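K.L.:
my questions are about this predicted structure, shown below with the sequence.
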Amino acid sequence: MTKIKLYIPKIILTFLLIFLLAGTELTLLVQNKALTYKTFETITVQQALDEKAYSTLESYFKSRANSTGIPAEVYLNAVTQEDMKQGILSGVSEAVRQMHSPADGYAITMDFTELETSVTEFFTQYADTNNIQKDETFRQKVQANLEEAEAKILAVADTFRFGTIYEHGWFAKLRLFLNLFQKLMIILCIATAVILLCLIFCCRSRFSELFYWLGLTALISGLLICVPCLYVLLTDYFSAFVVKDLQIYSAVTGYLQYITKQTAFTSGITALLGAGSLIIFSIIQKKQTTAD
Amino acid sequence: MADKKHKNSLPVYLLTGIFLLILCIAVCIGILIRPYEKAQTYLNILFMDQNMKISPSSGLNGLVIKENNIETTPVSDIPVEEQHFYDTGEIIRPSFGEQYAVLKCDDISLSVPVYWGSTAELLERGACQASSSAVLGETGNVVIDAHVNTFFADLGRLETGNTVVLYTSYGIFTYEVSEKIEFLNTNKKYVLPTEDDRLTLYTCEAQVLGTSDNRTGVVCTLVSKQFYNPAEGANP
């Protein structure tokens, strides 16, 4: 009867501890991995987003040349792959800033001085060759063309779709979540410590059993996160996403895959620690049985 | 004797582990269904314009979608000295497929572009206003709908008294939610033209599997019309 009396509280405490551990693990991952500049930078490099973005720009300006008559080189010689990388990372840094502190407007910063010179030179040359008057209308057309090209380049550089996220006001929601996460982290740590103490108290008469309950906690909590992550990774779930632009596809699927891998790794270690703890428990049990 | 005792406790240890695992999986499924749907909604909105499929047989050939940059600064944020509004004013009638308004409701953090006309392709991009309904600024029923799995996912959270603002290139139109509605898709009661100024927002009833014949939404009454440009003979 006494055993049953202690057995049920132990199950309840372990059940709570499983979710607390999983929650702590995920909170830590979100805070330290999911939304950091370093993660986005790693994905930019890993997925060669600058190269893909530049190739999208190339095909856009080349196909556009057929209808406008403006050679693609006018734009492409003025914007390099390195510029695209700088643009992508500037967008990331701005997005990370938006996630942590309220700021007015989301904008990718890119230096278009060379592009302005190139486009202006082309139009001036064209006007000179065809005897077109360089009046206000001409200047407006050059300006409109330049603005259109800049808007396209900035849209292509927004590989992680932070612009859309900003337009829908989701940065404000993310900020709220991140602030909550910090408080949640403290609450989770305190709750874990309290429940752990309760579990130790329940196992005071047979301390070796603590290895069993803690092992079970870590194993189940690890498996709960690790198995779905492994399923997603092994079935290549994210590859089935339909995203038209290659650079956006690579950024999004690359990001999701990276985060899933990190989560699977962390939870896998937790599950292994749990399994280790259960093995230790069974060894102790065996030794105790032999000694008896 | 002790070895027998140990052997006896082994199934208990095993069953406890299995029981806890099953319990936790069940709890996880229960907890995660709603966030999963929410995440799917966000992904849909984020990539809607990226994964549009236009088939030649869709009957949408010739549809010209026009995006407009509409100013959405709330009236309260505009300095008083710059608030030059008119009660009556010039209405710019949109063309079919043109984004002519932005619908905002701070109470449910809703901000969605509104297109004139309603087609599957336009519904992928935002909310759609039935071209048979009144243009914003005119007297009548302004009927706007959107998908429940994207832009109007939170429409059900609107409560009586909430404010809905529609920004257009020619003015700002403020409405207040007066009634929550539910109707069958065959019932045209709420989408028919009316004599009074009202805004009807509706979407499909959310269902985990398949689509629903039921529609849910709200009817809003007009609070103010603020035109940027005056109609002839109007006073600021």
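P.N.:
That came in fine, so what should we check first? Numbers count the residues shown, from 1 in each chain, chains lettered A, B, ... in the order given.

K.L.:
CA atoms for contacts and neighbours, from now on please.
P.N.:
Fine.

K.L.:
how far away from the center of its chain is the longest helix along chain B?
P.N.:
Longest helix of chain B, by residue count under DSSP state H: helix B:2-47. Put simply, helix B:2-47 sits 35 Å off its chain's centre (Cα atoms, centre = their mean, to the nearest Å).

K.L.:
now that helix: mean pLDDT?
P.N.:
On average, the pLDDT along helix B:2-47 is 77.

K.L.:
burial count for residue B:186?
P.N.:
Using other Cα atoms under 10 Å in any protein chain shown, residue B:186 is surrounded by 9 other residues.

K.L.:
sorry, back to before: if you count contacts, what does the longest helix of chain B end up packed against?
P.N.:
helix A:2-29, helix A:209-234, helix A:246-291 (3 or more Cα pairs under 8 Å, 6 or more residues apart in numbering or on different chains; DSSP states H and E).

K.L.:
just the angle between the lowest-mean-pLDDT helix or strand in chain B and helix A:209-234, please?
P.N.:
Lowest by mean pLDDT, DSSP states H and E among the helices and strands of chain B is helix B:2-47, with a mean of 77. Between the axes of helix B:2-47 and helix A:209-234, defined by axes from the mean of the first three to the mean of the last three Cα atoms, to 10 degrees, the angle is 40 degrees.

K.L.:
where exactly do the strands run in the stretch 1-150 of chain A?
P.N.:
Using DSSP state E, counting those that start in this stretch, the stretch 1-150 of chain A contains no strands.

K.L.:
which parts of it sit against chain B?
P.N.:
A:11, A:15 (Cα under 8 Å from any Cα of the partner chain).

K.L.:
and for the closest residue to chain B within the stretch 1-150 of chain A, nearest residue in space, chain neighbours not counted?
P.N.:
Residue nearest to chain B within the stretch 1-150 of chain A (Cα to the nearest Cα): residue A:15, separated by 6.7 Å. Nearest residue to residue A:15, sequence neighbours excluded (Cα to Cα, 6 or more residues apart in numbering or on different chains): residue B:20, at 6.7 Å.

K.L.:
gap between that neighbour and residue A:145?
P.N.:
Per Cα to Cα, to the nearest Å, residue B:20 is found 64 Å from residue A:145.

K.L.:
check residue B:93 too.
P.N.:
Residue B:93 is 28 Å from residue A:145, by Cα to Cα.

K.L.:
more crowded one of those two?
P.N.:
Between residue B:93 and residue A:145, counted using other Cα under 10 Å, residue A:145 has the larger neighbour count: 16 against 13.

K.L.:
low-confidence stretches in chain B?
P.N.:
B:1-8, B:44-63, B:207-211, B:232-236 (pLDDT under 70).

K.L.:
domain parsing for it?
P.N.:
The record's domain split for chain B, according to automatic domain parsing, is B:1-47, B:62-227.

K.L.:
deepest-packed of those, please.
P.N.:
Compared across those, domain B:62-227 shows the largest average neighbour count, a mean of 18 (mean count of other Cα atoms under 10 Å in any protein chain shown).

K.L.:
does any part of that domain sit near chain A?
P.N.:
Yes: judged by Cα under 8 Å from any Cα, domain B:62-227 and chain A are in contact via B:109-112.

K.L.:
so which strand or helix has the closest residue to residue B:67 other than its chain neighbours?
P.N.:
Nearest residue to residue B:67 in three dimensions, chain neighbours excluded: residue B:99, at 5.3 Å (Cα to Cα, 6+ apart). Using DSSP states H and E, residue B:99 sits in strand B:99-105.

K.L.:
after that strand comes which helix or strand?
P.N.:
strand B:110-116.

K.L.:
what pairs with that following strand, parallel or antiparallel?
P.N.:
Sheet pairing of strand B:110-116 (DSSP bridges) gives strand B:99-105 (antiparallel), strand B:127-129 (parallel).
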